[in-house]
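Peer 1: Any chance you can model this:
(one chain, ligands or ions: 1)
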Amino acid sequence: MGLRLHVDGDCVRGNVTFDDRHEGAPGIVHGGAIATVLDDTLGLLLVVLGTPAVTANLSVDYRAPALLQTEMIVERWLEQRVDRKLHLRADLSIDGQPVAQARALFLAVEVAHFEKGGRTLLPNWADWGPSL
Ligand SMILES: CCCCCCCCCCCCCCCC(=O)SCCNC(=O)CCNC(=O)[C@H](O)C(C)(C)COP(=O)(O)OP(=O)(O)OC[C@H]1O[C@@H](n2cnc3c(N)ncnc32)[C@H](O)[C@@H]1OP(=O)(O)O
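Peer 2: Presented below is the predicted three-dimensional model:
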């Protein structure tokens, strides 16, 4: 989806511009595409936090129409961690105006969780310390 991200302290920021492939209502980005960006890119935040985790719950408030071909800013951060539960936030905005705001519950898992899909994991995944 052309998402570009960078780490800014404890926060992950970036930008994305949706195109016609992501159209839902005419001229407007499909809500599922927005949820995908908000959820999937929380993965980079997990790297910053050094915690392998997966989405258990994702809730998205759609605050304004997300227009195609318009650059949007994404920001995500950790709000609270309680044991295995990571309460994460992710916001999407245009020119400082909120477009969508997500709250997610991620649950920390062992790296072995990601072996269930049958793929060989990158070697440095083994460096991730115990998260539970
Ligand atoms: C150095 C290397 C760098 C590499 C860097 C690469 C980054 C690499 C990271 C990849 C990250 C990708 C991030 C993308 C985001 C996805 O797309 S992840 C994919 C979508 N999500 C999934 O596939 C998850 C599927 N679900 C599951 O596997 C399991 O349900 C879970 C989430 C692991 C939980 O199962 P469990 O471990 O058995 O936990 P469980 O005992 O059921 O629940 C534990 C607690 O959480 C609560 N809970 C569980 N589910 C929920 C829920 N839905 N709502 C509320 N509470 C819940 C329970 O009530 C319980 O609470 P307590 O009783 O302890 O208070």
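Peer 1: Point out the other helices and strands that the helix or strand bottoming out on mean pLDDT in the chain packs with.
Peer 2: When the helices and strands of the chain are scored by mean pLDDT, DSSP states H and E, helix 42-49 comes last with a mean of 81. The elements that helix 42-49 packs onto, with contact taken as 3 or more C-beta pairs under 8 Å, 6 or more residues apart in numbering; DSSP states H and E, are strand 4-8, strand 11-17, strand 71-82, strand 85-94, strand 97-108. For the C-beta atoms, the positions are set from N, CA and C on the backbone; glycine is no exception.
Peer 1: who in this protein is up against the ligand?
Peer 2: Applying C-beta under 6 Å from any ligand atom, one finds that the chain approaches the ligand through 39-40, 43, 46-47, 52, 54-57, 85, 105, 107, 109, 124-125, 127-128.
Peer 1: Give the PyMOL command for selecting the buried subset of those residues.
Peer 2: Selection of buried members from the residues of the chain next to the ligand for PyMOL, criterion 16 or more other C-beta atoms under 10 Å:
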select buried, resi 39+43+46+52+107+109+128
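Peer 1: still on that earlier bit, turn the helices and strands packed on helix 42-49 into JSON lines, columns for distance to A33 and mean pLDDT.
Peer 2: Below are the helices and strands packed on helix 42-49 laid out as JSON lines (distance: least, C-beta to C-beta, whole Å; pLDDT from 0 to 100):
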{"stretch": "strand 4-8", "distance to A33": "16", "mean pLDDT": "86"}
{"stretch": "strand 11-17", "distance to A33": "10", "mean pLDDT": "91"}
{"stretch": "strand 71-82", "distance to A33": "11", "mean pLDDT": "94"}
{"stretch": "strand 85-94", "distance to A33": "11", "mean pLDDT": "95"}
{"stretch": "strand 97-108", "distance to A33": "10", "mean pLDDT": "96"}
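Peer 1: can you tell which of those strands is closest to G24?
Peer 2: strand 97-108 (12.5 Å; C-beta to C-beta).
Peer 1: Please export the C-alpha coordinates of the closest one as PDB.
Peer 2: Only the C-alpha atoms of strand 97-108 are listed here, as PDB (Å, rounded to 0.1, in the frame of the first residue of the first chain):
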ATOM      1  CA  GLN A  97      -7.400  16.200  11.100                       C
ATOM      2  CA  PRO A  98      -8.300  12.700  12.400                       C
ATOM      3  CA  VAL A  99      -9.500  10.300   9.700                       C
ATOM      4  CA  ALA A 100      -9.400   7.000  11.700                       C
ATOM      5  CA  GLN A 101      -8.400   6.000  15.200                       C
ATOM      6  CA  ALA A 102      -7.700   2.500  16.300                       C
ATOM      7  CA  ARG A 103      -7.400   0.800  19.600                       C
ATOM      8  CA  ALA A 104      -5.900  -2.600  19.700                       C
ATOM      9  CA  LEU A 105      -5.300  -5.300  22.200                       C
ATOM     10  CA  PHE A 106      -2.200  -7.300  21.300                       C
ATOM     11  CA  LEU A 107      -1.200 -10.400  23.300                       C
ATOM     12  CA  ALA A 108       2.500 -11.200  23.700                       C
END
